[in-house]
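**Q** Mind folding the following:
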Amino acid sequence: MPGLVTPDHHTLTGSILNKEADKVILGTQQQTEGKSATYQHDGWKNVAKTSVITSMMTVDSLPLLLHTQTGNELFSLVKDDIVYTQGTYGVDTIAITTDDDPDGKKCDAYMEQHIPILLLLCAGLIKVVL
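**A** Got it, this is the predicted structure:
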C-alpha cells in the first residue's frame, strides 16, 4: 500500500508486544482468579550446556506456560514462580510436579520446608505435604 508505514522491530518487540502480553495475562487472570493450580517444571541442558527450566501451571485442566529461563538455582526459580502465579493470576498452588534428577530432589526438600502445598509429585512418587 502506498504510504503505509510499518512498525520497526523495536516497536513490535516493545510497546506492541507488551500490550498484547498484558491482554493475555488479563484474560488468564479472569479464568484463574481464586482457583487452585498445579505447578510443573522441567529442566535440561541446552547445546551450550546451559541449564534451561520451563514452568507451567494447570488450572481447571487448562495448561498455562509461565516461564522459560536459565539458571542453576532451581528452588529459587520455583519459589519465584509460585509467588508470581499467586500474585499475577490469583491462584493457590496445591501441588508441584517435578522429576527425579538430583536438582529436582534437592528442590523437593526445600519445597517441603518452605512452600505450603498439599502434594509433591516427583517422578511417580507422591508425597503428601501438609
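**Q** Sketch out the low-pLDDT regions of the chain for me.
**A** Counting by pLDDT under 70, the chain shows low-confidence ranges at 71-72, 99-112, 114-130.
**Q** all strands for it, in order.
**A** Ranges of strands in the chain, per DSSP state E, are 36-45, 51-59, 62-70, 92-98, 119-122, 125-128.
**Q** between those, which one is nearest to L26?
**A** strand 62-70 (13.3 Å; CB to CB). Quick note: C-beta positions are derived from backbone N, CA and C, even for glycine.
**Q** chain center to stretch 25-38, what's the gap?
**A** Put simply, stretch 25-38 sits 13 Å off its chain's centre (CA atoms, centre = their mean, to the nearest Å).
**Q** Check the separation of the first and last residues in that stretch.
**A** 18 Å (CA to CA, to the nearest Å).
**Q** buried stuff in that stretch?
**A** For stretch 25-38, burial by neighbour count (16 or more other CB atoms under 10 Å) applies to T28, T32, A37, T38.
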